[in-house]
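Asks: Predicted model, plus sequence, below.
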There are 2 protein chains.
Amino acid sequence: MSRVLVVDDEPQIRRALGINLRARGYDVDLAETGEEGLELAARHHPDVVVLDLGLPGIDGVEVIQGLRGWSQVPVIVLSVREAESDKVAALDAGADDFVTKPFGMDELLARLRAALRRAAPSEEEAVVETPDFTIDLAAKRVVDAAGAEIRLTPTEWHIVEVLVRNGGKLVGQKQLLQEVWGPAYETETNYLRVFMAQVRRKLEPEPGRPRYFFTEPGMGYRFEVAEP
Amino acid sequence: MSRVLVVDDEPQIRRALGINLRARGYDVDLAETGEEGLELAARHHPDVVVLDLGLPGIDGVEVIQGLRGWSQVPVIVLSVREAESDKVAALDAGADDFVTKPFGMDELLARLRAALRRAAPSEEEAVVETPDFTIDLAAKRVVDAAGAEIRLTPTEWHIVEVLVRNGGKLVGQKQLLQEVWGPAYETETNYLRVFMAQVRRKLEPEPGRPRYFFTEPGMGYRFEVAEP
DNA sequence: GATCGAATGACAGGTGCCCGTCAATCGTTG
DNA sequence: CAACGATTGACGGGCACCTGTCATTCGATC
């Protein structure tokens, strides 16, 4: 789950945010001062920061600037101030969002989700490696052990994708047929045999003795990388 | 400069934003309804959208959903409503920020800058070199091996940009069509064939045997610089 | 152990789709 | 009005997919 750093000098706010965020599965760091916040940020690399502007010691805007020196972490600013100039200063310093106290917990949580969603375009490294080939789901590509590309046709790739995304799990024939060819084809088991053979010819070192794409007779197919 | 799309049914708001934004050097599109806004977004690909929630016809939240179907453009929501549930709905639909009317122009401009800054590709070393040409994504320039500039038309450049930014990854036909021409063109595969041919004529040493812009039949295209 | 049926695997021929290419037309801009 | 880029349509070639048939394997039954 995501890690949230809360920087606020008011104990009741820290407490309320700590309870609510942890209840929703976030990991939460609490800091009372700007200095403490910067230190925790450096140590724990939170995914999002909730920052009060009116801090004792160094000001909230300075905290933002301190963060921006080395991090792109989204910052949501809290403030009792209504003054427009404060908002402008905070946003220009690099804040991502601005919430005026008193605020509703639902709104803050929604803004938190929005900030995390923006920051997380990070195409999870969807790569599966085996001793004989490597599958990159994001790039839609397969390379063999020597690094040479293995070309798959659209249908072949689609089958491989479904099986790999369900890695280790059995995928039923009907399910596979529906996902690759559409709901009207759920009885065309011939297709599966033809294309599974093709996939094995291209990926299995011994197509006759599959090491990765296994048949479960009468049920379906399973992709699995054997443990060493 | 950046292009801003403003969607609001109140003439005085449209007028005020139009004047203020243009005075600061933004290119501005003005739309009165959600439908018009979606159409303009598809045609002009703005860098940021300012959207009123209380629209006649289709609702602001639906406009956000319509946009999010194909675009990651930041959306700043305007609303007279104070209700927290509205904010939550808009933010969860994919809005990036929320401003309550009446708002100060300075605050809106600051949030606009913040949204654009977030979306900015962070000015990283956006240069791709190959033995035959060099692409500078930031400067929007291509030069050949001898240092001479290669001129690309806007559409050609847009295609190259999308493919290069996804370097190594396969870009689906629909995705490419949507990002370059807009969501209404996702079936016009002719465009791709014509413009890919044009791009290859200008960049590939042997347009008939591509070394950089590869076709994945039935799926899409991929830009890649071969390892030495 | 022999027989049978069900399910999978293998193979090859035909056909339709997709890509690359060319060319004509339209719309915009200077 | 000239020049350029974008939009279409048409066409040919290659290949991916579909299809039917036959071989093989496995388990059940007698």
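Replies: Cool, the structure landed.

Asks: Can you give me the pLDDT of A:Asp92?
Replies: A:Asp92 is assigned 88 on the pLDDT scale.

Asks: what ranges do the strands span in chain A?
Replies: For chain A, the strands defined by DSSP state E cover A:3-7, A:27-31, A:48-52, A:75-79, A:97-100, A:127-129, A:133-136, A:141-144, A:149-150, A:170-172, A:213-216, A:220-223.

Asks: Please work out which of those strands is packed deepest.
Replies: For the strands of chain A, average neighbour numbers computed from mean count of other CB atoms under 10 Å in any protein chain shown are highest in strand A:48-52, which has a mean of 26. All C-beta spots, glycine's among them, are computed from the backbone N, C-alpha and C.

Asks: tell me the mean pLDDT over that strand?
Replies: Averaging pLDDT along strand A:48-52 yields 94.

Asks: same deal with stretch A:11-25?
Replies: Mean predicted lDDT for stretch A:11-25 stands at 93.

Asks: Alpha carbons of it, as PDB, please.
Replies: This file holds the C-alpha atoms of stretch A:11-25, laid out as PDB (Å, rounded to 0.1, in the frame of the first residue of the first chain):
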ATOM      1  CA  PRO A  11      -2.100  16.900  17.700                       C
ATOM      2  CA  GLN A  12      -5.800  16.400  17.000                       C
ATOM      3  CA  ILE A  13      -5.300  16.700  13.300                       C
ATOM      4  CA  ARG A  14      -2.300  14.300  13.400                       C
ATOM      5  CA  ARG A  15      -4.300  11.900  15.400                       C
ATOM      6  CA  ALA A  16      -7.400  12.100  13.200                       C
ATOM      7  CA  LEU A  17      -5.400  11.700  10.000                       C
ATOM      8  CA  GLY A  18      -3.300   8.900  11.400                       C
ATOM      9  CA  ILE A  19      -6.400   6.900  12.400                       C
ATOM     10  CA  ASN A  20      -8.400   7.400   9.300                       C
ATOM     11  CA  LEU A  21      -5.500   6.800   6.900                       C
ATOM     12  CA  ARG A  22      -4.300   3.600   8.700                       C
ATOM     13  CA  ALA A  23      -7.900   2.400   8.700                       C
ATOM     14  CA  ARG A  24      -7.800   2.600   4.900                       C
ATOM     15  CA  GLY A  25      -4.600   0.700   4.600                       C
END
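
Asks: thinking A:Met1 is in contact with A:Val28, fair?
Replies: No - taking contacts as CB atoms under 8 Å, A:Met1 lies outside contact range of A:Val28: 10.2 Å.

Asks: buried set for stretch A:90-99?
Replies: A:90-91, A:93-99 (16 or more other CB atoms under 10 Å in any protein chain shown).

Asks: From one end of it to the other, what's the distance?
Replies: 11 Å (CA to CA, to the nearest Å).

Asks: ditto for stretch A:4-12
Replies: Per CA to CA, the first residue of stretch A:4-12 is 17 Å away from its last.

Asks: just stretch A:132-148 next, same as before
Replies: 11 Å.

Asks: hmm, who's touching that stretch?
Replies: A:123-129, A:131, A:149-150, A:152, A:157, A:160-161, A:164-165, A:203-205, A:211-212, B:168-170, B:216, B:219, B:222 (CB atoms under 8 Å, 6 or more residues apart in numbering or on different chains).

Asks: where are the low-confidence patches of chain A?
Replies: Along chain A, segments meeting pLDDT under 70 span A:81-82, A:120-125, A:227-228.

Asks: Need the buried residues of stretch A:90-99 in JSON lines (columns: distance to B:Ala23).
Replies: Shown next, in JSON lines, are the buried residues of stretch A:90-99 (distance: CB to CB, whole Å):
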{"residue": "A:Ala90", "distance to B:Ala23": "24"}
{"residue": "A:Leu91", "distance to B:Ala23": "20"}
{"residue": "A:Ala93", "distance to B:Ala23": "24"}
{"residue": "A:Gly94", "distance to B:Ala23": "25"}
{"residue": "A:Ala95", "distance to B:Ala23": "25"}
{"residue": "A:Asp96", "distance to B:Ala23": "26"}
{"residue": "A:Asp97", "distance to B:Ala23": "26"}
{"residue": "A:Phe98", "distance to B:Ala23": "24"}
{"residue": "A:Val99", "distance to B:Ala23": "29"}
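
Asks: Intersect those with the contacts of chain B.
Replies: A:91, A:94-98 (CB under 8 Å from any CB of the partner chain).

Asks: What is the nearest of those residues to DNA strand C?
Replies: Checking these against DNA strand C by CB to the nearest atom of the strand gives A:Leu91 as the nearest, at 34.2 Å.

Asks: neighbours of A:Phe195, just the number please.
Replies: 19 (other CB atoms under 10 Å in any protein chain shown).

Asks: for the one 10 residues further on, same thing?
Replies: As a burial measure, A:Pro205 scores 15 neighbours (other CB under 10 Å).

Asks: Quick check: chain neighbours aside, which residue is closest to it?
Replies: Nearest residue to A:Pro205 in three dimensions, chain neighbours excluded: A:Asp132, at 5.2 Å (CB to CB, 6 or more residues apart in numbering or on different chains).

Asks: Show me which residues of chain A are close to DNA strand D?
Replies: By CB under 7 Å from any atom of the strand, the part of chain A that sits against DNA strand D consists of A:151, A:153-156, A:181, A:188, A:190-191, A:194, A:217.
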